[in-house]
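S.K.: Attaching a predicted model along with its sequence, questions to come.
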Amino acid sequence: MLDMPPFVVLIVCKVALTPMTPLEEANAKFTGHQNNEWAVEHGKMVCRRHEIQMYNPDITKGADPTPFNTNRCQRAGIMEGSKWNATHSKYKWWRTACPTPMVDTRTGKVIDWLLPDCGANYGSVICERDTQI
């Protein structure tokens with residue numbers, strides 16, 4: 001059986017700034033808050049996928065490697081998504097996706113892993129392809 005590859009996929013979507021009230025503007029001077037709203041084109045959000053390869057630095061210090069699994073992937077996705085939002089302003093983290101197993105239906109064994117696409121299962125999303133963020 002193949003182990004899950006250590007990748008997290010962030011689905012990040014375009015945002016637009018909306019006007020702030022005077023009270024919100026005063027608060028934003030101290031907090032850096034922005035009034036963001038999902039940018040919608042033709043009734044759909046405009047998104048991109050961003051792959052992140054995960055690495056456990058403790059392995060270089062002699063720790064035993066721990067397998068990457070769905071729980072670790074989802075936890076890492078939350079951490080990476082939060083980091084993304086703190087460092088990007090035009091696109092914000094919308095969802096996290098983890099590798100999906102490809103299973104041999106005859107044997108039930110995992111034969112490979114597939115990294116999720118941007119919006120294959122989301123009817124409300126337009127996915128931009130192969131562009132820099």
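M.R.: That came through fine.
S.K.: and the longest helix for this structure?
M.R.: In the chain, assigned by DSSP state H, the helix with the most residues is helix 70-87.
S.K.: Could you pull out the buried residues of that helix?
M.R.: 72, 73, 76, 77, 80, 81, 84, 85 (16 or more other C-beta atoms under 10 Å). Yep, even glycine has a C-beta here, placed from its N, CA and C like the rest.
S.K.: How about stretch 11-30?
M.R.: Neighbour-count burial for stretch 11-30 flags 11, 12, 13, 14, 15 (criterion: 16+ other C-beta under 10 Å).
S.K.: Make JSON lines out of those residues and add secondary structure.
M.R.: JSON lines is the format used below for those (DSSP: H, G, I helix; E, B strand; the rest coil):
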{"residue": "11", "secondary structure": "strand"}
{"residue": "12", "secondary structure": "strand"}
{"residue": "13", "secondary structure": "strand"}
{"residue": "14", "secondary structure": "strand"}
{"residue": "15", "secondary structure": "strand"}
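S.K.: Okay, now the unreliable bits of this protein?
M.R.: For the chain, the stretches with pLDDT under 70 are 1, 119-122, 130-133.
S.K.: in it, which spans are helices?
M.R.: Taking DSSP H as the criterion, the chain carries its helices at 22-31, 70-87.
S.K.: Can I get these in CSV including distance to residue 54?
M.R.: Shown next, in CSV, are the helices of the chain (distance: least, C-beta to C-beta, whole Å):
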stretch, distance to residue 54
helix 22-31, 30
helix 70-87, 6
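S.K.: Can you say which of the ones you listed is nearest to residue 44?
M.R.: helix 70-87 (20.6 Å; C-beta to C-beta).
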